[in-house]
Structure formats: structure tokens, C-alpha cells
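Please work out how this folds:
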Amino acid sequence: MSIDVLICSLNKGIVRVDEVMLPPRSDVHYIVSYQYTDERYLDLIPESLSQREDVTLYKYNGQGLSANRNLAMEKSTAELFMYADDDTHFTEETFDTIFETFKQETELDIAFFRASTYTGKLLKSYPKNEQMLTAMPKDYIISAIEMVCRREAVQGKIRFDERFGLGTKFLTCGEEEIWMEDAVKAGFKMKYFPFKILETSTLLKKSMIYVDAGVQRSYGAILYYKYGRKAWLKSLQFAWCSARKRMCHFNPFFRHLLEGIAYMRKTE
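Numbering: from 1, shown residues only. Below is the predicted model:
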């Protein structure tokens with residue numbers, strides 16, 4: 001069994017990629033998908049990347065994390081693939097844990113694992129026991145870096161919605177929720193496992209729902225993607241309840257939710 005680690009990086013982040021990779025092993029290959037917005041950033045690419053036989057580097061002029069992930073997935077050829085950011089750290093047990101999971105779960109399409117901060121604190125309130133997933137978990141939002149996919153089952157059947165995510169100007173998060181909606185509709189066999197496979201410094205953008213307009217627009221857009229016209233009422237209810245709890249001011253919060261809905265209607 002083999003795995004492609006899809007490392008997505010932008011501009012200055014490329015200098016950290018060396019820290020992501022573990023010592024070479026025959027069943028692990030790293031695909032570095034590097035987006036840059038100015039050619040001067042190309043000078044930052046570590047020479048060590050070209051010296052490792054287990055690394056393939058692709059360079060793209062542009063930005064947008066969802067687009068970067070899609071570009072990286074298209075290059076994968078291994079039996080499994082997983083996503084990593086340029087601030088991701090793997091453990092010594094990461095790949096053995098993944099391989100053993102898929103060897104035991106022969107019909108599994110996508111596995112979800114745990115992530116923690118560098119200090120060992122779990123990133124989210126994960127379930128204690130393994131469980132099948134037929135929808136987004138109720139207690140937390142899955143992240144791309146927590147999942148491992150069987151390539152033949154997933155590649156070419158699902159992509160990240162490039163209207164969402166870091167690097168976009170309007171809908172700055174929410175790509176994982178949209179991805180999960182599409183994965184459920186595609187009928188993938190998905191399962192969560194209570195094993196930590198990586199550490200990260202990633203800030204959970206969704207946690208800024210009450211202070212960030214881009215996150216608020218993204219939430220409105222997600223509601224529309226999931227519920228269609230009912231998104232207007234759900235946005236009203238959410239904004240009203242949030243304002244009553246003094247988490248936000250109703251008018252700007254509700255307006256940003258509606259802006260997300262309008263954007264989705266415009267780009268359908």
C-alpha cells in the first residue's frame with residue numbers, strides 16, 4: 001500500500017515544507033503544490049525539495065486553497081492520498097496507523113482521524129469511539145487535513161468548491177462543509193477513527209463566525225447550498241438568536257449572511 005501526501009503551500013509558506021516531511025520511506029510520496037502570486041517567491045523554494053526522490057513539486061501562479069487542493073489531487077497516483085498544510089507535523093506512527101486502518105477496512109473510501117496542536121491538545125471535541133459517517137459530525141467540523149482518501153474511489157468524483165476557502169475574497173471558509181455535503185451525496189463509505197495522525201498550528205476560521213464578515217458570508221452560502229430557499233429563514237433565525245445572546249449585532253450579521261446567499265445564487 002502507498003500514499004501521496006498532498007502538501008499545499010502559498011508564497012512564503014514554502015520555506016516550511018521541509019519541516020512537514022518525515023525521513024524517506026518507499027511507501028510515502030510527497031506532492032508539493034505551490035501557489036505563488038509573484039515570481040519573487042520562487043526564490044524561496046528550498047533546494048532540498050529537488051534533492052529528495054520522494055518529492056514532486058508543482059508550481060502554479062495564483063491563489064486559493066480549494067483550487068490548490070484540487071490541483072494536487074489531480075496529480076496523485078498512489079493507492080491513498082491525504083492533504084497537508086505547510087505547517088503540518090506528522091508523528092512517527094502516522095503512516096503505519098493509516099495503512100493499518102485501510103488494510104482492516106477494505107471497503108472504506110475515506111477515513112477521518114484526529115489532529116492536535118503542537119502541544120498535544122486535540123484540535124476539536126472529537127468522538128471517543130470510531131463511527132461511520134453519513135453526514136457532517138454534529139460536534140465538530142471535519143478538516144481536510146484529518147482525512148485520508150482511497151484514490152480510485154474519490155479522484156475525479158469530488159472536488160473542493162473553489163468559491164470557498166482561504167485565498168478567496170468573499171467566501172473565506174466553508175469548503176470542508178461543502179465537500180462533506182458532496183461526499184455524502186456521492187455515497188462514499190466514510191468512517192471516523194480516534195487516532196491522532198498529525199499536529200498543526202492551524203487557526204479554525206469557523207470559530208470567527210461572530211467577528212469576521214467573510215466567515216459570516218460563508219455561513220450564509222453554506223446554508224443556501226444545503227437548504228436552498230430555506231436558507232433565508234435559517235439565516236434570520238441564526239442572526240436573531242445570536243443577537244439575543246449578545247454575540248453580535250443583528251443588522252450587519254444578518255446582512256452578511258444574506259450576501260453569502262446572494263453570491264451563491266449569482267454563481268450557480
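
show me the residues around the nearest residue to residue 256 once chain neighbours are set aside that make contact.
In this structure, residue 256 finds its nearest non-sequential neighbour in residue 216, 3.7 Å apart by CB to CB, 6 or more residues apart in numbering. From N, CA and C alone the C-beta is placed, and that goes for glycine too. Under the criterion of CB atoms under 8 Å, 6 or more residues apart in numbering, the neighbours of residue 216 are 209, 253, 256-257, 260.

Narrow the residues you listed to those that are buried.
Among those, those that count as buried by neighbour count (16 or more other CB atoms under 10 Å) are 209, 253, 256-257, 260.

on that earlier part again, what distance do you get for the residue nearest to residue 256 to residue 229?
Here the distance between residue 216 and residue 229 works out to 19 Å (CB to CB, to the nearest Å).

Look up which helix or strand the closest residue to residue 63 other than its chain neighbours falls in, please.
Here the nearest residue to residue 63 in space, its sequence neighbours aside, is residue 167; by CB to CB, 6+ apart that works out to 4.1 Å. In the assignment (DSSP states H and E), residue 167 maps to no helix and no strand.

so residue 140 sits in a helix?
No - counting by DSSP: H, G, I helix; E, B strand; the rest coil, residue 140 is not part of a helix but coil.

I figured it hits residue 126, correct?
Yes - Residue 140 is within contact range of residue 126, at 6.5 Å (criterion: CB atoms under 8 Å).

neighbour count winner among the two?
More neighbours sit around residue 126 than around the other of residue 140 and residue 126, counting by other CB atoms under 10 Å; the figures are 21 against 17.

contacting residues for that one?
When contacts are counted by CB under 8 Å, 6+ apart, residue 126 touches 114, 139-140, 192, 194.

run the last query once more with 7 Å
If a contact means CB atoms under 7 Å, 6 or more residues apart in numbering, then residue 126 has 114, 140, 194 as its contacts.

can you tell me how far it sits from residue 115?
Counting by CB to CB, the gap from residue 126 to residue 115 is 9 Å.

Neighbours of residue 47, how many?
Taking other CB under 10 Å as the neighbour definition, residue 47 ends up with a count of 6.

same check, this time on residue 82
By other CB under 10 Å, the residues close to residue 82 number 26.

Write down the beta-bridge partners of the closest residue in space to it that isn't next to it in sequence, one by one.
In space, residue 82 comes closest to residue 148 once its chain neighbours are excluded; the distance is 4.4 Å by CB to CB, 6+ apart. Taking DSSP bridges, one finds residue 82, residue 111 as the beta-bridge partners of residue 148.

contacting residues for residue 148?
For residue 148, counting by CB under 7 Å, 6+ apart, the contacting residues are 80, 82, 98, 111.

what about the second one, distance to residue 46?
Remark: distance between residue 82 and residue 46 (CB to CB) = 21 Å.

Report the residue ranges of every domain in this protein.
Segmentation of the chain into domains, based on automatic domain parsing, reads 3-167+175-204, 209-267.

Let me have those domains in JSON lines, adding mean pLDDT as columns.
JSON lines is the format used below for the domains of the chain (pLDDT from 0 to 100):
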{"stretch": "domain 3-167+175-204", "mean pLDDT": "94"}
{"stretch": "domain 209-267", "mean pLDDT": "95"}
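
Run through the helices of the protein in chain order.
Under the criterion DSSP state H, the chain contains helices at 17-20, 48-51, 65-75, 94-104, 151-154, 175-186, 213-227, 231-244, 250-267.
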